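J.: Give me a model of this one.
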Amino acid sequence: MLSLNITIVLSGSTCSNNDINVLEASHLFANLAEGKSPPANYTILDKDYDTGYYLADGIYPKWSTLVQTIHNPQGPKKVLFAQKQESCRKDVERAFGVLQSRWAIVKGPTRFWDKRVLHDIMTACIIMHNMIIEDERDLSAPIRDYNPAPALSVELVTNESTRFDDFLARHRKIKDKSAHIALRNALIKHLWNQHGIHG
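T.: Numbering: from 1, shown residues only. Have a look, this model is predicted:
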């Protein structure tokens, strides 16, 4: 059974923003460019990665932190990848549907609400939702091991020029189209290999 725990909140008025406006207003990428992001360390095909990524559809830019689906995929590897990604996206829609069915305030119109109030409402609903999920969880289920993230090291920079150069380097890394393509191709191959299909 899939867990419906929700970990990220991007709130705004329903139907008031298209995907690109939401992306531009998102604090996630600004924080990433500033070097403030949750640790994300994983390995795909023997290559280590230290930056997380988000699943997106074709309207989003080809950034290293966004992995787009493949429209009209050609070949079994790309078909499998597109199916799995679409399945994950449907899980997100399902989780939001659960929030809407659980709390009428999430379902109602919000166009004229202050964004901070919307964020607080969504955050409160998600916290309560996660508490309900935790309370309903099967306590006899086996606990899975996880790999803890390494401790963060903080380096204070007093030179503003260095800080700005680091910001620009991270910003370029986020918007690196070749890294986007390489990550997506690695994910396609990794997913294919995970399903015991080699070729």
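
J.: which residue ranges form the helices in this protein?
T.: In the chain, the segments counted as helices under DSSP state H are 19-25, 27-33, 76-102, 104-107, 115-136, 160-174, 177-194.

J.: Compare those and give me the one nearest Tyr49.
T.: helix 177-194 (7.5 Å; C-beta to C-beta). Quick note: C-beta positions are derived from backbone N, CA and C, even for glycine.

J.: how far is the closest one from where the chain is centred?
T.: Centroid separation between helix 177-194 and its chain, computed with C-alpha atoms, centre = their mean, to the nearest Å, is 16 Å.

J.: what do you get for stretch 107-118?
T.: 23 Å.

J.: Please identify the buried residues of that stretch?
T.: Using 16 or more other C-beta atoms under 10 Å as the test for burial, stretch 107-118 gives 110, 113, 118.

J.: Point to the residue nearest the middle of the protein.
T.: Note on the chain: the residue nearest the mean C-alpha position is Tyr54, at 3.6 Å, using C-alpha atoms, centre = their mean.

J.: Which one of the buried residues of stretch 107-118 is nearest to Ala169?
T.: Using C-beta to C-beta, the buried residues of stretch 107-118 come closest to Ala169 at Leu118, 33.5 Å.
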